[in-house]
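Peer 1: from the sequence below, what's the structure:
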Amino acid sequence: MQAYAVIETGGKQYRVQAGDSLDVELLHAEEGATVTIDKILAVSDGTELKIGTPYVDGAKVTLKVEKNFRGPKLISFDKKRRKGYKRTVGHRQELTRVSVESL
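Peer 2: Purely as a prediction, here's the structure:
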């Protein structure tokens, strides 16, 4: 079994391994920069699992920022029948694509 970690960023949790690429909520870092995440909820070296309360002390995950971009457009439509009320709102989430360099 390979080493993995469960990290928390942007209010969400992700299970990551070295070499993984994932899209997370916007990290305010330039493309090519290295970001260190210290909010590690659990870490496994392949044989032993350490679970934090709430975070594992001394554990870090290094991420490399590949690209900052905007996600797909989501449309929210609201209507009340027989009242002449319609409302359409669009939203595009700011995202960052990162790759995991080391655990």
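Peer 1: what's the closest non-adjacent residue to residue 54?
Peer 2: residue 41 (6.7 Å; C-beta to C-beta, 6 or more residues apart in numbering). (C-beta placed from N, C-alpha, C; glycine too.)
Peer 1: spit out the contact partners of the residue of the chain positioned farthest from its centre.
Peer 2: What lies farthest from the middle of the chain is residue 82; by C-alpha atoms, centre = their mean that is 42.2 Å. Contact partners of residue 82, counting by C-beta atoms under 8 Å, 6 or more residues apart in numbering, are absent.
Peer 1: next one: phi and psi at it?
Peer 2: phi 60, psi 10 (degrees, to the nearest 10).
Peer 1: that one and residue 89, how far apart?
Peer 2: 22 Å (C-beta to C-beta, to the nearest Å).
Peer 1: so how far is stretch 49-61 from its chain's centroid?
Peer 2: Chain-centre distance of stretch 49-61: 17 Å, with C-alpha atoms, centre = their mean, to the nearest Å.
Peer 1: can you list contacts of it?
Peer 2: 5, 7, 16, 36-44, 100, 102-103.
Peer 1: now, of the residues you listed, which are buried?
Peer 2: 5, 7, 16, 37, 39-44, 100, 103 (16 or more other C-beta atoms under 10 Å).
Peer 1: list the contacts for the spatially most central residue of the chain?
Peer 2: Geometric centre of the chain, nearest residue: residue 24, 3.0 Å, by C-alpha atoms, centre = their mean. Residue 24 sits next to 9-10, 12, 14, 95-96, 98 when contact means C-beta under 8 Å, 6+ apart.
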